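S.K.: turn this into a model:
(chains A and B)
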Amino acid sequence: MSKTYGPLSLNEVLFFFTRATVGAGAPFGIGEDTAKAAIFLAECNLDPGPIISLALKNLDRRTSQTNLTLRSVGHNAEIEASDDQPVSAVFAGPAAADWLSSQNANSDVQLRIRQVDCPILIAAICHKWAVSVVDQTGMSQSASNSFTGPADAVITSGQSDFISRRDNVLMNGVNIDIDAWNSIHGYFTRCLVPSTAESRIAGAGAGLVDTD
Amino acid sequence: MCLERMGASFQTRLSFMRTLVRRMTRENWRFEQLRFDVDADGYGVSVFCAHTPQRVYSLVVFTNELAPENRTDRVIAEAWDATFNLFDGIPSDEDIERLSVNTPKQEAGRFLPSELSLARANKSLRLFEHIVERLANGLQPDMDLVSGVGYLMRTTAVYGSGKFGCADRAKTADRPETQGAFQVEMLAVYLFRWFTIELVEHVARARGSEGAVRLHDDIKRYLGIGNSTGLGMAPFLVKHPVLVHNWVNARESALARVRKLASPVAGSVEAFCQNLARARDHISEWAVEDRQQTDRITQLREDMVDLSSYAATADFEATTPWNTLYQHATEAYSHEGQELTVSLLLEPHGDLVDDLAEQMFAAEGPALEPAMTLESLRELIATHYDWALDVDFDAPLSQKNFWYYSEDKLEPRFGDRATEPGAEREMPLAIGRDVARLAKTIQDEDGVEPIANFLLRQPEFRHVIRRIQTVARHPYAEINDNLIGGDVRPLDLLRFKLAFFGASKFDPKSDLWTRISMYQGAPLPDDLATMDPDAWAFPVRPEVA
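M.R.: Numbers count the residues shown, from 1 in each chain, chains lettered A, B, ... in the order given. So this is what the prediction gives:
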C-alpha cells in the first residue's frame, strides 16, 4: 500500500486543488470546477490525488490541448482539440458540463469528447450524467474506473455509476497518495508569493510585540 | 453594500454570539470542567465541556510559558500562551495526547474531523498579571485597567471549517446548535473566556494561598475575550457571496419588520430608551489610539445625544414611528450613528426578528447558468455592477494594490502592485476590474450566443461570470467597491464581519488589522439560568466597590 498524506478535509481539497489547477496554468474558474470534481471523487471513496495530478501534469507540460472546439452533430455534439494532442480533461470537463446543462433536460443528447487525457476526471465533473469510455477497438466501459487516456469519453443522459459515501468522508477525511500530493502541492505553491523583508514588515500586525 | 458603510457596522441581536447565548439559555446547556491540570503558573492541560440537549462539545486547552519577545498577534507567530481545540464530544486520553503534540504547533499541526476548531491566544500581560497580583493579595483589580484592556487573553486566529484537517462545516451543518454561521467558533471562544477566568483565579490562589480572593462576579462578566484580526477575513467575504447575502438579508429584513410596525410593541419604547442610554455609556468607554476611529467615535457620541433628544420628544403614537426615527437617523447621522441606530432599533424586537437568525447560513454556493445568453449577461452587469463600470481601471490608482497569499504560513497580504513582487499571483478578489474586463470583451459579441459557447473560447471569465449570475440572485452578496483601489481600507471588511460575529470595542491598529472584544458583558455559564441572555448588548463597566 502506498504512503498517503492526510487526512485532509474537503475544504482543504477545495482550497489546495483549486489553486494547484491555477498553478498548472488554468484560470481560477476552471480550478474551482476541478477542485469540486476532486471533492466528488473523494466522496466516492476514490483518491482524487493521482487523477488530478495526472491531469495537471498534462496541462503544465502542455501535452494536452486546452484550445478546444465544440461541433454540433445534429442534436449531439463533439468536443475536440484544435490539433492532434489529447484533449485536456481539466478544460473539457467544464465545457462538457456547460453544454449538457444548456440542453433541454428531457432531451436524449450525447456529447463525445475525442481523445481526452483523463476520462475519469470528465466523469467526475459531469457526474450528473452517464459517462462511458470508448477505446480504439470500439469497446465501451464506464468512465468511473477509466483512469488513463487518451480515449473518447461519451456522455449521455442517465445515471452516473459513482456511489457517494460523503458521510464517511466527513467523519474520516481524505487521504491522498503522497506522490500525488507532493505534485499537487507543488503546483499549489506557484500561487504563493515569496515573502520579502519588506512584505513581512508591511503585513497586518507587523512591528508589534504584544505585551499590552 | 459599500466599504464605507461596512466599516461602520455594529453588532445586533442577530449577531452570532448573541444567537449562541440565547440558545444556551433556551436549551439549558450545562457546563462542566472535566479537567484542569495546570500548575501554579497556570501551565498545563484543561478540558471544559458544554452539554447541549443532544451532544457534548469540549474545549481542550494547552497553556505554556511564552517569552514576552515571542508574543505577537501575527499569523506568522510560532508560539502562543494558549492553544486550543473545540472537540466534538469528550476527548479520550489518546485524543488529548495526540492534540498535545499538534495543537501547540497550530498551522504546523494536523488534525482530525473530531476537532471542530483550532485556535490560539495570548495574554494581556498587563491585565493578567495585575489581576493575579491583586487577587493573591485579597484585593479586586483596578477597574481603570480592567476597563482599558477588557480581556485576559486575546485570540489571534480561530480556525474552523476544515482547516488543517479539522472537521468540515458539513459535518455539523445539520445540527441545530451549529447550523448557524460560525456557531462552532463562537462556542470555542465562549468556553475559552470561561477558561481564562478560571485560570487567573487559579494562579492567584496558588500565589496568594489562603489570603487570595475570587474575582468579583461583575468583573468576571465584564471581561471578554480579545481578538486580533488581520487580512484573512477579507478573502472570506469575497469567496462566500451567498453567505454574506444571507447575513445582510436577515439584518435588512429585521430592520424592515421594525420599520413597518404601525405602532410600537408594548414596552418597546422604554426598552429602546434604556438601551440607548446604555449604548451611550458603552461608547463613552470606547477609547482607541487610532485618530480616524477616535473622530468617528466622537461624532457617534454626538449622534447618540441627538437620538436621545429625538426619542424624548418623538411622537410614538404617530403611525410607523420607528420608520420615522430611522429616517431621521439616515438623514442626520454619520454612518456609525446610522448603524448603531439600526442595532438599537432591533434590540427591543426579539419576538419580531429573532427567527431571522435561523437563515444566516448558506447551504449553496455560486452556480453557473451556462444557457444564459450574452445579452442577458450584459443586462446583469449593467444592473448589478454599474459601480464597477464607472471605475477607470486604466488609471494606476484604481489597481494600486493586490491581495495575495504569502509563502510565510499562507499569511494573506495586501501589496502594492508597483513596488512589490507577485502581482501575477494575486487572489481573484478584484471583482470590479474583472467584471469591467468582461463587459468590454462581450460588448460586441453576438447577444444570442449562450455563455457555454463563449466560455469555451474564453475560459478565463468562468469565475467572474459565475459570480455575476450568483450576485443577481443574491443582491446583498457583492461588495460594491473596487477592492484593489488605492483608497481601500481592508479594515472596513474586517469590521463588517466582526460585527456580524457580535464583536464590540473595535480598536484599529492600522488599515490592515484591528483588535476587538468578544462576549464582554455576556453571561458566564453560572449566569445563564438567571440572567437575561440579551442584557449584554452594550456592555458597561461595572461599579465595584
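
S.K.: what is the biggest helix by length in chain A packed up against?
M.R.: Of all the segments of type helix in chain A, defined by DSSP state H, the longest one is helix A:28-43. In terms of contacts (3 or more C-beta pairs under 8 Å, 6 or more residues apart in numbering or on different chains; DSSP states H and E), helix A:28-43 is packed against helix A:10-23, helix A:48-60, helix A:89-102, helix A:119-125, helix A:166-172, helix B:462-473. No exception for glycine: its C-beta is placed from N, CA and C like everyone else's.

S.K.: just send these back as a markdown table, with mean neighbour count and mean pLDDT too.
M.R.: Shown next, in a markdown table, are the helices and strands packed on helix A:28-43 (neighbours: other C-beta atoms under 10 Å in any protein chain shown; pLDDT from 0 to 100):
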| stretch | mean neighbour count | mean pLDDT |
| --- | --- | --- |
| helix A:10-23 | 24 | 98 |
| helix A:48-60 | 25 | 97 |
| helix A:89-102 | 26 | 96 |
| helix A:119-125 | 30 | 95 |
| helix A:166-172 | 16 | 95 |
| helix B:462-473 | 23 | 97 |
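
S.K.: let me have those helices in a markdown table, extended by distance to A:P150.
M.R.: Formatted as a markdown table, the helices and strands packed on helix A:28-43 follow (distance: least, C-beta to C-beta, whole Å):
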| stretch | distance to A:P150 |
| --- | --- |
| helix A:10-23 | 19 |
| helix A:48-60 | 10 |
| helix A:89-102 | 10 |
| helix A:119-125 | 8 |
| helix A:166-172 | 30 |
| helix B:462-473 | 24 |
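
S.K.: I'd like to know which of these lies nearest to B:N122.
M.R.: Counting by C-beta to C-beta, B:N122 lies closest to helix A:10-23 out of the helices and strands packed on helix A:28-43; the figure is 26.2 Å.

S.K.: and the angle for the closest one with helix B:462-473?
M.R.: Calculated by axes from the mean of the first three to the mean of the last three C-alpha atoms, to 10 degrees, helix A:10-23 forms an angle of 130 degrees with helix B:462-473.

S.K.: show me the contact partners of helix A:10-23.
M.R.: Contacts to helix A:10-23, defined as C-beta atoms under 8 Å, 6 or more residues apart in numbering or on different chains, come from residues A:8, A:28, A:30-32, A:34-36, A:38-39, A:42-43, A:48, A:52, A:56, A:59, A:90, A:169-170, A:174, A:184-191, B:161-165, B:168-170.

S.K.: A:I155: helix or strand, and which one exactly?
M.R.: Assigning secondary structure by DSSP states H and E places A:I155 in strand A:151-156.

S.K.: give the PyMOL command for selecting the buried subset of the contacts of helix A:10-23.
M.R.: To isolate the buried subset of these in PyMOL, counting by 16 or more other C-beta atoms under 10 Å in any protein chain shown, use the following:
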select buried, (chain A and resi 8+28+30+31+32+34+35+36+38+39+42+43+48+52+56+59+90+169+170+174+184+185+187+188+191) or (chain B and resi 161+162+163+164+165+168+169+170)
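
S.K.: list the buried ones in stretch B:302-317?
M.R.: Buried positions in stretch B:302-317, judged by neighbour count with 16+ other C-beta under 10 Å: B:303-304, B:307, B:310-311, B:314.

S.K.: tell me how far the residue of the stretch 351-500 of chain B found nearest chain A lies from B:Q327.
M.R.: Using C-beta to the nearest C-beta, the closest approach of the stretch 351-500 of chain B to chain A is made by B:R462 at 2.7 Å. Distance of B:R462 to B:Q327, computed by C-beta to C-beta, to the nearest Å: 43 Å.

S.K.: still on that earlier bit, now pLDDT and secondary structure too, for the buried residues of stretch B:302-317, in CSV please.
M.R.: Output for those, formatted as CSV (pLDDT from 0 to 100; DSSP: H, G, I helix; E, B strand; the rest coil):
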residue, pLDDT, secondary structure
B:D303, 98, helix
B:M304, 98, helix
B:L307, 98, helix
B:Y310, 97, helix
B:A311, 97, helix
B:A314, 95, coil
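
S.K.: turn the residues you listed into JSON lines, including distance to B:Y476.
M.R.: JSON lines is the format used below for these (distance: C-beta to C-beta, whole Å):
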{"residue": "B:D303", "distance to B:Y476": "25"}
{"residue": "B:M304", "distance to B:Y476": "27"}
{"residue": "B:L307", "distance to B:Y476": "26"}
{"residue": "B:Y310", "distance to B:Y476": "28"}
{"residue": "B:A311", "distance to B:Y476": "29"}
{"residue": "B:A314", "distance to B:Y476": "29"}
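
S.K.: identify, from those residues, the entry nearest to B:I442.
M.R.: For the buried residues of stretch B:302-317, the nearest to B:I442 is B:D303 (44.9 Å; C-beta to C-beta).

S.K.: which residues of the stretch 301-450 of chain B fall in strands?
M.R.: Secondary structure of the stretch 301-450 of chain B by DSSP state E, counting those that start in this stretch: the strands cover B:401-405, B:412-416.
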